[in-house]
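Undergrad: Prediction below, plus the sequence it came from.
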Amino acid sequence: MILSKPSLMSEHSYTLTGIDDERLQASLSVELLEEGVELVHLRLQASSPLTPPVIRLEWKLPIVDVQGVWQPNGYRNRGLAPDWTGGYRSQLTNSAPVVCLFSGSGSNKLTFAFSDTLNAVTCKAGVHEETADFYCSVTLFEALSAPLDRYEATLRVDTRAGAYYSSLEGVSEWWSSMPGMTPMPVPEPARQPMYSTWYSFHQELEPGEIEEQCRLAKAMGCEAVIVDDGWQTANNARGYAYCGDWEVCTDKMPDMKAHVERVHQLGMKYMLWYSVPYVGKHSKAWTRFRDRMLYTVEERGWGVVDPRYPEVRSYLIGIYERAMLEWGLDGFKLDFIDSFNAPADNKQAYGPGMDYVSVPEAVDRLMSDIAGRLRDLNPDVLLEFRQSYVGPYMRKYGNMFRAADCPNDAVENRVRTIDIRLLAGSTAAHADMLMWHPAEPPESAALQLINVLFAVPQLSVRLERLPEKHAEMVRYWLRFWKENRSLLLDGSLEPHHPELLYPLVTASNEDKLIAVAYSRTVMELQQRKLPDTVMFVNGTRNEGIYADFGGSSGRWRMEVRDCMGYVVEEVELLLVAGLWLWNVPPAGTLILNRMK
């Protein structure tokens, strides 16, 4: 056990436990970066390489004015957990080692993050019932690790009283500034609406029908198509027992290259889906790689290949290179990277033919080589990953992060896209594919789009089957999104009340502010200077939205639009301090422009 004396201005005492091997020396030091931000440096040194024991870095925090906990995989659970629960596990291909405790007003109380985002790390902020303290910790080496003789990592602790989302932005910038962690460039098409075949077609793919959807989607404002699972197999059972060869099923796609070219002629980029780690028992690749698996899912008929073998990595990289060259692809949806995990028995024996002991290190090599080789062919290649593998390491390999599957669930899509945005920096955050029943009222269908305004939308409905009012609604909201894209994606993002699933979200810059109310809440604008254009979006099925203004703001021209973009009211008004009720229809928009 090692006790570290904090710097004079530190609020915490840090304890390191688990160092019981006399061959392993450990030290902690605390560096005050600025008032309220400190770095705790951990160093391990061994006389010769050894498998490190499980070690834990611990400290305490009194629970004072803490409303909830934010962590990357929280989804709808923002509640405080007791200290006897398991904590939040992360590694290269899952989540990220960061936890934020926030107050009832959304102020940061404690945000801590760990620099090792490659290996398995468990972060915990648990309620100690006897004392009403948070027992905080970071646990290392619970997963089998390669022998090491040196290890260095840093805990970043932020107790500044700013907005919780500003603290998380600081963590994201800290990670991306580390050597070897530069995020992949984001080409312009990654920031444009897309059409996906998954919910609309599943595996029942036919080139002519895809091309027709592309024609319709392009007219509505989409700029790319993602063709999902099904192109590689005649089996439509939605499993992965036939994956691994990645040859076109000619019964479905007689001429893939010509099909891609026809989509290009429509002005659309073309992306293709692959399940990266899966090799099925019905593939030719199974015979080749059956003895090079991390583990197999026997009851489902497929396995997860072991990337520690160079021939496995070479095989996978070659698949994507050939597809891009032969078919003219613009990008890839690389799925199930989070399946590169240790076997259930946690045994990852190093064997003949491997060039890595560590699975995370091998995955890093695989994904780095994929991204590098594809960017050599096309510097603007599009690479999409899906929650929860959207952590800081994944920003090196991909430029599109999509919300995990939440079909027809607008609220979940909102929560997941905002969660991605809070750590993703410049990487394009994409909504899960949007779908809804054609019998929905257009105001309800519009909520699918409104709930993901702060991310890049992906459509996945059969566009020719949409009722005309739905089609008008989609055209309006995609036009609204594209006209305000730079603000929605790059403006100052303020997602309020994460414990209530972000009922109010704003984005602003010097010229414009957009605020979206997702519940019957008040848009509080008393403390800010209003830009010349202010837009309020009613993200509910209720009539009307509330806004509370500060001082007199002069004369404004007001325009109210319904969910399809039709103007229902225009008026000039004097905007004065106080609480206003605006008669904005469900899923409608209010636009205020300052009069000169």
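TA: Okay, I see it.

Undergrad: Identify each of the strands in the stretch 101-250 of the chain and give its residue range.
TA: 108-114, 121-128, 133-140, 148-158, 194-196, 224-227 (DSSP state E, counting those that start in this stretch).

Undergrad: same thing with the stretch 251-400 of the chain?
TA: Counting by DSSP E, counting those that start in this stretch, the strands of the stretch 251-400 of the chain are 269-275, 278-280, 293-297, 302-305, 331-335, 382-386, 400-402.

Undergrad: Report all helices and strands that the fourth one contacts.
TA: Helices and strands in packing contact with strand 302-305 are listed as strand 278-280, helix 285-289, strand 293-297; criterion 3 or more Cβ pairs under 8 Å, 6 or more residues apart in numbering; DSSP states H and E. Yep, even glycine has a C-beta here, placed from its N, CA and C like the rest.

Undergrad: Mean pLDDT, mean neighbour count and distance to Ile450 added to the ones you listed, as JSON lines?
TA: Formatted as JSON lines, those follow (pLDDT from 0 to 100; neighbours: other Cβ atoms under 10 Å; distance: least, Cβ to Cβ, whole Å):
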{"stretch": "strand 278-280", "mean pLDDT": "97", "mean neighbour count": "25", "distance to Ile450": "35"}
{"stretch": "helix 285-289", "mean pLDDT": "97", "mean neighbour count": "16", "distance to Ile450": "44"}
{"stretch": "strand 293-297", "mean pLDDT": "93", "mean neighbour count": "17", "distance to Ile450": "38"}
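
Undergrad: So which of those is nearest Val522?
TA: Set against Val522 and scored by Cβ to Cβ, these come closest in strand 278-280, at 48.8 Å.

Undergrad: Redo the helices and strands packed on strand 302-305 as TSV? Include distance to Ser426.
TA: As requested, the helices and strands packed on strand 302-305 are exported to TSV (distance: least, Cβ to Cβ, whole Å):
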stretch	distance to Ser426
strand 278-280	30
helix 285-289	36
strand 293-297	32
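
Undergrad: Go through these and name the closest to Ala153.
TA: strand 293-297 (25.1 Å).

Undergrad: Give the burial count for Leu574, as a bare number.
TA: Other residues lying near Leu574 total 10 when counted by other Cβ atoms under 10 Å.

Undergrad: What of Glu152?
TA: 11.

Undergrad: list the contacts for it?
TA: Contacts of Glu152 were listed using Cβ atoms under 8 Å, 6 or more residues apart in numbering, and they are His41, Leu42, Arg43, Leu44.

Undergrad: what's the answer for Pro277, then?
TA: Here Pro277 is in contact with Leu294, Val304, Val305, Pro307, Phe336, Ile337, Ser339, Phe340 (Cβ under 8 Å, 6+ apart).

Undergrad: With adjacent residues omitted, what lies nearest to the fourth one?
TA: Once its chain neighbours are removed from consideration, Pro307 has its nearest residue in Ala362; the separation is 4.1 Å (Cβ to Cβ, 6 or more residues apart in numbering).

Undergrad: got JSON lines for the contacts of Pro277, with distance to Glu559 too?
TA: What follows is the contacts of Pro277, written out as JSON lines (distance: Cβ to Cβ, whole Å):
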{"residue": "Leu294", "distance to Glu559": "57"}
{"residue": "Val304", "distance to Glu559": "54"}
{"residue": "Val305", "distance to Glu559": "56"}
{"residue": "Pro307", "distance to Glu559": "55"}
{"residue": "Phe336", "distance to Glu559": "46"}
{"residue": "Ile337", "distance to Glu559": "45"}
{"residue": "Ser339", "distance to Glu559": "50"}
{"residue": "Phe340", "distance to Glu559": "51"}
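
Undergrad: and which of the residues you listed is nearest Asn408?
TA: Phe336 (22.3 Å).

Undergrad: which non-adjacent residue is nearest that closest one?
TA: Excluding its sequence neighbours, the residue lying closest to Phe336 (Cβ to Cβ, 6+ apart) is Ser275, at 4.8 Å.

Undergrad: Check that neighbour and give its pLDDT.
TA: For Ser275, the model assigns a pLDDT of 97.

Undergrad: I'd like to know how many residues surround it.
TA: 21.

Undergrad: which other helices and strands contact the host helix or strand of Ser90?
TA: Ser90 is part of strand 88-90 when elements are defined by DSSP states H and E. Packing contacts for strand 88-90, counted by 3+ Cβ pairs under 8 Å, 6+ apart, involve strand 121-128.

Undergrad: Output the contacting helices and strands for the strand it packs on.
TA: Against strand 121-128 (3+ Cβ pairs under 8 Å, 6+ apart) you get strand 81-82, strand 88-90, strand 98-102, strand 108-114, strand 133-140.

Undergrad: partners of that strand in the sheet?
TA: Applying DSSP bridges to the sheet, strand 121-128 is found paired with strand 81-82 (parallel), strand 88-90 (antiparallel), strand 133-140 (antiparallel).

Undergrad: which non-adjacent residue is nearest Trp198?
TA: Of all residues not flanking Trp198 in the chain, Asp228 sits nearest, at 4.0 Å (Cβ to Cβ, 6+ apart).

Undergrad: roughly how far apart are the one you found and His264?
TA: Using Cβ to Cβ, to the nearest Å, Asp228 is found at 19 Å from His264.

Undergrad: Highest neighbour count among the contacts of Glu152?
TA: So for the contacts of Glu152 (other Cβ under 10 Å), the most neighbours sit at Leu42, 24 neighbours.

Undergrad: for the helix or strand where Lys60 lies, packing partners?
TA: In this structure, Lys60 is located in strand 55-62 according to DSSP H and E. Contacts defined by 3+ Cβ pairs under 8 Å, 6+ apart place strand 55-62 against strand 14-17, strand 37-50, strand 133-140.

Undergrad: Out of those, which one sits most buried?
TA: Of these, the one with the most neighbours on average (mean count of other Cβ atoms under 10 Å) is strand 133-140, at a mean of 22.

Undergrad: any idea of the angle it forms with strand 98-102?
TA: 170 degrees (axes from the mean of the first three to the mean of the last three Cα atoms, to 10 degrees).

Undergrad: Provide a list of residues in contact with the closest residue to Met253 other than its chain neighbours.
TA: Excluding its sequence neighbours, the residue lying closest to Met253 (Cβ to Cβ, 6+ apart) is Trp231, at 5.5 Å. Neighbouring residues of Trp231 by Cβ under 8 Å, 6+ apart: Leu205, Val248, Cys249, Lys252, Met253, Met256, Leu272, Trp273.
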